[in-house]
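[1] Pasting a predicted model and its sequence here:
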Amino acid sequence: MSTWHSALHGIRSSGDYFLSTFMFGIMFGIAAAASGLEHWQALLMSASVFTASGQFAALEFWQAPLPLGTIALSVFLVSTRNILLGMAMTHHFDGHSLGRRIVWLYMLNDPGVVTSFRQDDSVDRLGYVTGYGLSMMTSWLCSTFIGLSTAQLFAAFDLGAIDFAGPLVIATMMMLFFKASKSPPIPWVVSGIVALVLFEIGSANYLILLGSVLAGMVTAIVQALRAYA
Amino acid sequence: MLDQQTTLIAIAMMALIVYLTRMTGYFIGLQLRHIRGVQPVLEALPGCAFMAILAPAVRQGSLSEIVAMTCVIVIMWRSNNVVVATGVGMAVLLFGGPWLDG
């Protein structure tokens, strides 16, 4: 399948997460309006940053004077999973020029990467993930605009109950990942256990992420060594 | 009220940071790819990150959040339908919250 056909396939496959992204975009638009961002500024942020978790994290600190260092650190910490997503795609973006890979990596997105592992080998992964990302971007921008435009209607509602929507969407991706995996899920189980232990002893969020990913990585290395022994 | 210049600087900084995280992982992976057997290790990493987020979230979740998470997992296990799973989970949070959490 050519790159362009794979990109179209990515767009067509993205319906499920288009809707959940749309819901988050509306919430982001409402939150951005409440934080005092002008419409064009919030839309510029959604178009250029293109990450729900990072943008929500930044809004937590969005007040004068803007604490740029704190915002940078929090955006970096919640975006560190992008590093892992990029590493996971290392063997799947071959056959393209370096320039194209550098530019198209801008569209790297969690559901695109996760669902790409479910595609057969004929699909060009870079095209697929980019097409998926274009669809997510469209959803994200349209819904941010709707959220900004309708923010006043939601001012009276308590949206606190849907704070947990993020983990729910991550759980859907985890399940897709789990079901598409060809190897036993032991690294993920170890990661989960280590994350729980670190959480129980009161570790900071970045230490929980770092510790559990390291533990999962070591387990995956041991698993790979055994497979090759 | 924030001045426009500071806001634009903040947005540009955020965009750069997020883009660099997207690119860095891929280029780290390129440096490691010659190692035999590294591919399954790299491909396991996003799942580890998801678990690092999910496990503490569930541990500190309220009853309605745990029920919502259970519904999502069961529906995904049976059907792979993201829309139904997320919709049911959200419905549990919105409508079951006051009832389950008291």
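    Structure received.

[2] Return the residues in contact with residue A:69.
    Neighbouring residues of residue A:69 by Cβ atoms under 8 Å, 6 or more residues apart in numbering or on different chains: there are none. Every residue, glycine included, has its C-beta placed from N, CA and C.

[3] tell me the pLDDT at it?
    In the predicted model, residue A:69 carries a pLDDT score of 91.

[4] What of residue B:26?
    Note for residue B:26: predicted pLDDT of 92.

[5] in the lowest-mean-pLDDT helix or strand in chain B, what counts as buried?
    Lowest by mean pLDDT, DSSP states H and E among the helices and strands of chain B is helix B:97-100, with a mean of 79. Buried residues in helix B:97-100, counted by 16 or more other Cβ atoms under 10 Å in any protein chain shown: B:97, B:100.

[6] all helices in chain B, in order from the N-terminus.
    Here chain B has its helices, by DSSP state H, at B:4-32, B:38-59, B:63-79, B:82-91, B:97-100.

[7] does any bit of the last one sit next to chain A?
    So that's helix B:97-100. Yes - Helix B:97-100 reaches chain A (Cβ under 8 Å from any Cβ of the partner chain) through residue B:97.

[8] How about the longest one?
    Yes - looking at helix B:4-32 against chain A by Cβ under 8 Å from any Cβ, the contacts come from B:4, B:6-15, B:17-19, B:21-30, B:32.

[9] any idea how far stretch A:49-62 is from the chain center?
    Centroid separation for stretch A:49-62 versus its chain: 12 Å, with Cα atoms, centre = their mean, to the nearest Å.

[10] what does stretch B:15-28 give?
    Using Cα atoms, centre = their mean, the offset of stretch B:15-28 from its chain centre is 17 Å.

[11] which residues touch the spatially most central residue of chain A?
    In chain A, the residue lying closest to the centroid (Cα atoms, centre = their mean) is residue A:110, at 4.0 Å. Counting by Cβ under 8 Å, 6+ apart, residue A:110 touches A:81, A:85, A:170, A:173, B:46.

[12] Contacts for whichever strand or helix holds residue A:54, please.
    Applying DSSP states H and E as the criterion places residue A:54 in helix A:52-59. Contacts to helix A:52-59, defined as Cβ under 8 Å, 6+ apart, come from residues A:21, A:24-25, A:28, A:31-32, A:35, A:45-46, A:49, A:71, A:74-75, A:77-79, A:140, A:166, B:10, B:14, B:17-18.

[13] Which of these fall within helices?
    A:21, A:24-25, A:28, A:31-32, A:45-46, A:49, A:71, A:74-75, A:77-79, A:140, A:166, B:10, B:14, B:17-18.

[14] what's around residue A:200, how many residues?
    10 (other Cβ atoms under 10 Å in any protein chain shown).

[15] and residue A:199, what does it touch?
    Contacts of residue A:199 (Cβ under 8 Å, 6+ apart): A:208, B:55, B:56, B:59, B:60.

[16] Show me just the buried residues among those residues.
    In terms of neighbour count (16+ other Cβ under 10 Å), the buried residues within the contacts of residue A:199 are A:208, B:55, B:56.

[17] Turn those into TSV, including distance to residue A:58 and pLDDT.
    As requested, those are exported to TSV (distance: Cβ to Cβ, whole Å; pLDDT from 0 to 100):
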residue	distance to residue A:58	pLDDT
A:208	21	89
B:55	25	92
B:56	21	91
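
[18] can you list those residues in JSON lines and add distance to residue A:57?
    JSON lines is the format used below for those (distance: Cβ to Cβ, whole Å):
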{"residue": "A:208", "distance to residue A:57": "15"}
{"residue": "B:55", "distance to residue A:57": "20"}
{"residue": "B:56", "distance to residue A:57": "16"}
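
[19] Alright, that wraps it up for me.
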